[in-house]
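Undergrad: Pasted the sequence and its predicted model underneath.
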Amino acid sequence: MKELKFFAAGLVGLALLAGFSSCSDDDEETGDTINTEAVFTNGWPKSAPGIRSITRNAEGLVTAMETEESDVTFEYHNIKTRADGEAYVLMTVGYMGEKEYEAKLTLNGKGFVTRAEGTEYIEDYTDPDNWSFGYNSDGQLNYVHHVSTDEDEETRITYSGGDITKVVETDNEGDGGYTFNFSYTSDKVTTPIENKGGIMLYDGIFEVDLDQMDVLYFAGLLGKATKHLPVSEYAPDEDYTYRFEWGVNNAGLPEWVWIDGYREYFEW
(Lines give C-alpha, C1' and ligand atoms only; values in the text may rest on other atoms or scores of the structure.)
Protein backbone atom coordinates (compact mmCIF):
# COMPACT_ATOMS: atom_id res chain seq x y z
CA MET A 1 0.00 0.00 0.00
CA LYS A 2 2.58 2.51 -1.11
CA GLU A 3 -0.24 4.95 -1.81
CA LEU A 4 -0.28 5.72 1.92
CA LYS A 5 2.62 8.09 1.28
CA PHE A 6 0.85 10.30 -1.19
CA PHE A 7 -1.38 12.49 0.95
CA ALA A 8 -2.66 15.71 -0.61
CA ALA A 9 -0.38 18.61 0.24
CA GLY A 10 -2.40 21.46 1.72
CA LEU A 11 -1.44 24.84 3.10
CA VAL A 12 -1.65 27.05 6.20
CA GLY A 13 -0.54 30.42 7.56
CA LEU A 14 3.04 31.06 8.56
CA ALA A 15 1.96 31.70 12.13
CA LEU A 16 1.54 27.96 12.66
CA LEU A 17 5.28 27.52 12.22
CA ALA A 18 5.85 28.97 15.67
CA GLY A 19 3.91 26.06 17.17
CA PHE A 20 6.18 23.35 15.80
CA SER A 21 7.94 21.13 18.29
CA SER A 22 11.23 19.41 17.54
CA CYS A 23 13.01 16.18 18.41
CA SER A 24 16.46 17.52 17.70
CA ASP A 25 19.57 16.72 19.69
CA ASP A 26 21.43 19.47 17.83
CA ASP A 27 21.40 22.63 19.95
CA GLU A 28 22.92 24.80 17.21
CA GLU A 29 19.93 26.79 15.97
CA THR A 30 21.31 28.42 12.83
CA GLY A 31 24.34 27.99 10.64
CA ASP A 32 26.14 29.77 7.83
CA THR A 33 28.27 26.91 6.54
CA ILE A 34 27.59 23.61 4.75
CA ASN A 35 30.02 20.71 4.89
CA THR A 36 29.54 19.28 1.41
CA GLU A 37 31.57 16.17 2.27
CA ALA A 38 29.58 15.24 5.37
CA VAL A 39 26.69 13.44 3.66
CA PHE A 40 28.15 11.78 0.56
CA THR A 41 31.53 10.73 1.88
CA ASN A 42 32.34 8.50 -1.11
CA GLY A 43 31.25 10.83 -3.87
CA TRP A 44 28.09 12.68 -4.85
CA PRO A 45 25.57 10.87 -7.08
CA LYS A 46 24.92 12.38 -10.51
CA SER A 47 21.36 11.04 -10.52
CA ALA A 48 19.06 9.03 -8.27
CA PRO A 49 15.53 7.59 -8.37
CA GLY A 50 13.19 10.44 -9.29
CA ILE A 51 16.11 12.82 -9.92
CA ARG A 52 17.49 12.89 -13.45
CA SER A 53 20.44 15.17 -12.78
CA ILE A 54 22.20 16.98 -9.93
CA THR A 55 24.35 20.07 -10.60
CA ARG A 56 26.95 21.38 -8.15
CA ASN A 57 29.03 24.55 -8.20
CA ALA A 58 32.78 24.98 -7.67
CA GLU A 59 32.27 25.02 -3.89
CA GLY A 60 30.47 21.68 -4.00
CA LEU A 61 27.01 23.12 -3.28
CA VAL A 62 24.05 21.73 -5.20
CA THR A 63 22.62 24.53 -7.32
CA ALA A 64 20.10 22.70 -9.50
CA MET A 65 18.26 19.43 -10.01
CA GLU A 66 16.09 18.06 -12.76
CA THR A 67 13.43 15.71 -11.40
CA GLU A 68 10.90 13.65 -13.32
CA GLU A 69 8.30 16.38 -12.87
CA SER A 70 10.09 19.71 -12.36
CA ASP A 71 13.27 21.77 -12.22
CA VAL A 72 14.66 22.75 -8.82
CA THR A 73 17.19 25.49 -8.05
CA PHE A 74 19.00 26.41 -4.84
CA GLU A 75 20.30 29.90 -4.04
CA TYR A 76 22.65 30.25 -1.07
CA HIS A 77 22.48 33.49 0.89
CA ASN A 78 25.44 34.15 3.22
CA ILE A 79 26.32 30.45 3.13
CA LYS A 80 30.06 29.65 3.31
CA THR A 81 30.83 33.35 2.84
CA ARG A 82 30.20 34.41 6.46
CA ALA A 83 28.90 37.70 5.11
CA ASP A 84 26.74 39.95 7.21
CA GLY A 85 23.05 39.09 7.20
CA GLU A 86 20.84 36.08 7.66
CA ALA A 87 22.08 32.75 6.33
CA TYR A 88 19.48 30.76 4.41
CA VAL A 89 18.86 28.78 1.24
CA LEU A 90 16.13 29.65 -1.25
CA MET A 91 14.69 26.63 -3.04
CA THR A 92 12.56 27.20 -6.14
CA VAL A 93 10.58 24.51 -7.94
CA GLY A 94 9.21 25.16 -11.42
CA TYR A 95 8.25 23.66 -14.73
CA MET A 96 8.79 25.14 -18.20
CA GLY A 97 9.69 28.51 -16.70
CA GLU A 98 6.65 28.70 -14.42
CA LYS A 99 7.34 28.89 -10.67
CA GLU A 100 5.31 26.31 -8.76
CA TYR A 101 6.85 26.36 -5.30
CA GLU A 102 9.37 28.36 -3.30
CA ALA A 103 10.79 27.84 0.19
CA LYS A 104 13.14 29.71 2.47
CA LEU A 105 15.28 27.13 4.26
CA THR A 106 16.85 27.82 7.67
CA LEU A 107 19.88 25.70 8.58
CA ASN A 108 21.34 24.49 11.85
CA GLY A 109 25.03 24.64 12.77
CA LYS A 110 25.72 21.44 10.83
CA GLY A 111 24.22 22.84 7.63
CA PHE A 112 20.97 20.84 7.74
CA VAL A 113 17.51 22.33 7.28
CA THR A 114 15.53 22.90 10.47
CA ARG A 115 12.70 25.05 9.09
CA ALA A 116 11.17 25.61 5.69
CA GLU A 117 8.78 28.48 5.05
CA GLY A 118 7.22 27.55 1.74
CA THR A 119 4.80 29.09 -0.73
CA GLU A 120 2.89 27.08 -3.29
CA TYR A 121 1.85 28.90 -6.45
CA ILE A 122 -1.47 27.60 -7.76
CA GLU A 123 -2.89 29.36 -10.82
CA ASP A 124 -3.78 32.90 -9.65
CA TYR A 125 -3.25 32.51 -5.90
CA THR A 126 -0.56 31.46 -3.42
CA ASP A 127 -0.64 29.43 -0.22
CA PRO A 128 1.92 29.03 2.57
CA ASP A 129 3.34 25.60 3.42
CA ASN A 130 5.53 25.02 6.48
CA TRP A 131 7.92 22.37 7.74
CA SER A 132 10.06 21.70 10.81
CA PHE A 133 12.87 19.12 11.00
CA GLY A 134 14.84 17.60 13.88
CA TYR A 135 18.00 15.49 14.02
CA ASN A 136 19.72 13.13 16.44
CA SER A 137 23.24 13.65 17.77
CA ASP A 138 24.65 11.81 14.72
CA GLY A 139 23.05 14.33 12.36
CA GLN A 140 20.35 11.93 11.13
CA LEU A 141 16.80 13.12 10.49
CA ASN A 142 14.50 11.93 13.29
CA TYR A 143 11.52 14.31 13.20
CA VAL A 144 9.35 15.96 10.57
CA HIS A 145 6.34 18.23 11.16
CA HIS A 146 4.32 19.44 8.19
CA VAL A 147 1.44 21.87 8.58
CA SER A 148 -0.74 23.05 5.71
CA THR A 149 -4.35 24.03 5.10
CA ASP A 150 -5.63 20.46 5.17
CA GLU A 151 -2.75 18.68 6.89
CA ASP A 152 -1.05 18.60 10.28
CA GLU A 153 1.26 15.62 10.19
CA GLU A 154 4.17 14.55 12.40
CA THR A 155 6.69 11.83 11.63
CA ARG A 156 9.06 10.38 14.22
CA ILE A 157 11.98 8.24 13.11
CA THR A 158 13.66 5.71 15.43
CA TYR A 159 17.25 4.55 14.91
CA SER A 160 19.23 1.61 16.29
CA GLY A 161 22.92 1.24 15.58
CA GLY A 162 22.74 4.02 12.99
CA ASP A 163 19.85 2.45 11.06
CA ILE A 164 16.18 3.39 10.87
CA THR A 165 14.12 0.67 12.52
CA LYS A 166 10.74 2.39 12.88
CA VAL A 167 8.85 5.30 11.36
CA VAL A 168 5.65 6.51 13.03
CA GLU A 169 3.44 8.92 11.13
CA THR A 170 0.71 10.71 13.08
CA ASP A 171 -2.16 12.77 11.71
CA ASN A 172 -2.82 15.47 14.31
CA GLU A 173 -6.20 16.22 12.76
CA GLY A 174 -7.56 13.00 14.17
CA ASP A 175 -7.34 10.68 11.17
CA GLY A 176 -4.97 8.28 12.92
CA GLY A 177 -1.56 7.34 11.62
CA TYR A 178 0.73 4.58 10.45
CA THR A 179 3.73 2.64 11.72
CA PHE A 180 6.45 1.12 9.54
CA ASN A 181 9.29 -1.18 10.64
CA PHE A 182 12.50 -1.81 8.70
CA SER A 183 15.03 -4.63 8.59
CA TYR A 184 18.56 -4.85 7.19
CA THR A 185 19.00 -8.60 7.01
CA SER A 186 16.93 -11.45 5.61
CA ASP A 187 17.24 -15.09 4.63
CA LYS A 188 19.08 -13.95 1.49
CA VAL A 189 21.00 -11.02 3.01
CA THR A 190 22.59 -12.41 6.15
CA THR A 191 25.08 -9.54 6.55
CA PRO A 192 23.83 -5.93 6.41
CA ILE A 193 24.82 -4.06 3.24
CA GLU A 194 27.00 -1.06 4.07
CA ASN A 195 25.51 2.19 2.79
CA LYS A 196 28.74 3.45 1.23
CA GLY A 197 26.89 5.76 -1.14
CA GLY A 198 25.01 7.54 1.63
CA ILE A 199 21.72 6.76 -0.11
CA MET A 200 18.42 7.74 1.54
CA LEU A 201 15.08 7.32 -0.22
CA TYR A 202 12.86 8.83 2.44
CA ASP A 203 9.68 8.77 0.40
CA GLY A 204 10.35 5.79 -1.83
CA ILE A 205 11.46 3.40 0.93
CA PHE A 206 11.12 4.85 4.42
CA GLU A 207 7.52 6.14 4.08
CA VAL A 208 8.49 9.65 5.22
CA ASP A 209 6.09 11.90 3.32
CA LEU A 210 8.21 14.92 2.33
CA ASP A 211 6.45 16.26 -0.78
CA GLN A 212 8.61 19.07 -2.26
CA MET A 213 11.16 18.66 0.54
CA ASP A 214 12.16 15.19 -0.66
CA VAL A 215 14.91 16.60 -2.90
CA LEU A 216 16.66 18.23 0.07
CA TYR A 217 18.50 15.06 0.99
CA PHE A 218 20.26 14.88 -2.38
CA ALA A 219 21.18 18.54 -1.94
CA GLY A 220 23.06 17.49 1.22
CA LEU A 221 20.67 19.49 3.40
CA LEU A 222 18.60 16.84 5.22
CA GLY A 223 21.01 15.04 7.50
CA LYS A 224 23.12 11.92 7.17
CA ALA A 225 22.26 8.45 5.92
CA THR A 226 21.68 5.15 7.66
CA LYS A 227 24.75 2.96 8.07
CA HIS A 228 23.21 0.16 6.01
CA LEU A 229 20.73 -0.32 3.17
CA PRO A 230 17.29 -1.63 4.17
CA VAL A 231 16.07 -4.91 2.69
CA SER A 232 12.49 -5.04 3.99
CA GLU A 233 9.64 -2.96 5.37
CA TYR A 234 6.77 -4.24 7.48
CA ALA A 235 3.60 -2.24 8.16
CA PRO A 236 1.81 -3.81 11.15
CA ASP A 237 -1.26 -1.59 10.73
CA GLU A 238 -1.91 -3.05 7.28
CA ASP A 239 -0.05 -6.35 7.77
CA TYR A 240 2.00 -6.18 4.60
CA THR A 241 5.70 -6.52 3.82
CA TYR A 242 7.80 -4.93 1.09
CA ARG A 243 11.21 -6.26 0.16
CA PHE A 244 14.05 -4.29 -1.42
CA GLU A 245 16.95 -5.58 -3.48
CA TRP A 246 20.14 -3.66 -4.22
CA GLY A 247 22.66 -3.91 -7.02
CA VAL A 248 26.07 -2.76 -5.77
CA ASN A 249 29.16 -2.11 -7.92
CA ASN A 250 32.76 -3.03 -7.13
CA ALA A 251 33.22 0.19 -5.17
CA GLY A 252 30.31 -0.71 -2.91
CA LEU A 253 28.04 1.99 -4.38
CA PRO A 254 24.46 1.08 -5.31
CA GLU A 255 23.72 1.07 -9.05
CA TRP A 256 20.06 0.15 -8.69
CA VAL A 257 17.36 -0.70 -6.17
CA TRP A 258 14.32 -2.91 -6.72
CA ILE A 259 11.19 -1.47 -5.08
CA ASP A 260 7.73 -2.97 -5.43
CA GLY A 261 8.35 -4.54 -8.82
CA TYR A 262 10.36 -1.67 -10.31
CA ARG A 263 14.10 -1.19 -10.68
CA GLU A 264 15.32 2.34 -10.00
CA TYR A 265 18.85 3.46 -10.97
CA PHE A 266 21.68 5.56 -9.60
CA GLU A 267 24.52 7.18 -11.52
CA TRP A 268 27.89 8.11 -9.99
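TA: Sure, I can see it.
Undergrad: what number of residues lie near the nearest residue to Lys46 once chain neighbours are set aside?
TA: Spatial nearest neighbour of Lys46, excluding adjacent residues (CB to CB, 6 or more residues apart in numbering): Glu267 at 4.4 Å. Every C-beta, even on glycine, is put in place using the N, C-alpha and C of the backbone. Here the neighbour count serves as a burial measure; for Glu267 (other CB atoms under 10 Å) it reads 12.
Undergrad: Tell me who's in contact with Glu267.
TA: Glu267 is in contact with Pro45, Lys46, Ser47, Ala48, counting by CB atoms under 8 Å, 6 or more residues apart in numbering.
Undergrad: pLDDT score for the third one?
TA: Looking back up the chat, that one is Ser47. Here, the pLDDT recorded for Ser47 equals 97.
Undergrad: beta partners for it?
TA: With DSSP bridges applied, the residues forming beta bridges to Ser47 are Glu267.
Undergrad: quick one: it and Ile259, what's the gap?
TA: 16 Å (CB to CB, to the nearest Å).
Undergrad: Kindly report the same for Gly85.
TA: For Gly85, the distance to Ile259 (CB to CB) stands at 42 Å.
Undergrad: And the two? Which one has more around it.
TA: Just comparing Gly85 and Ile259: by other CB under 10 Å the higher neighbour count belongs to Ile259, 18 against 9.
Undergrad: Could you list the low-pLDDT ranges of this structure?
TA: Applying pLDDT under 70 to the predicted model, the residue ranges of the chain that meet it are 1-31, 80-84.
Undergrad: Kindly present the contacts of Glu267 as CSV, with separate columns for distance to Ser132 and neighbour count.
TA: Formatted as CSV, the entries for these read as follows, by distance: CB to CB, whole Å; neighbours: other CB atoms under 10 Å:
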residue, distance to Ser132, neighbour count
Pro45, 27, 17
Lys46, 31, 14
Ser47, 29, 16
Ala48, 25, 26
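Undergrad: which two in those residues are spaced the farthest apart?
TA: When these are compared pair by pair using CB to CB, the farthest-apart members prove to be Lys46 and Ala48, with a separation of 8.5 Å.
Undergrad: residues shared between the contacts of the two?
TA: Common neighbours of Lys46 and Ala48, counting by CB under 8 Å, 6+ apart, are Ile54, Glu267.
Undergrad: that older thread, output the contacts of Glu267 as a markdown table; include the columns distance to Asp239.
TA: Written out in a markdown table, the entries for the contacts of Glu267 read as follows (distance: CB to CB, whole Å):
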| residue | distance to Asp239 |
| --- | --- |
| Pro45 | 34 |
| Lys46 | 39 |
| Ser47 | 35 |
| Ala48 | 30 |
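Undergrad: What sits closest to Val248 if chain neighbours are left out?
TA: The shortest distance from Val248 to any non-neighbouring residue, by CB to CB, 6+ apart, is to Pro254 (5.5 Å).
Undergrad: burial count for the one you found?
TA: As a burial measure, Pro254 scores 21 neighbours (other CB under 10 Å).
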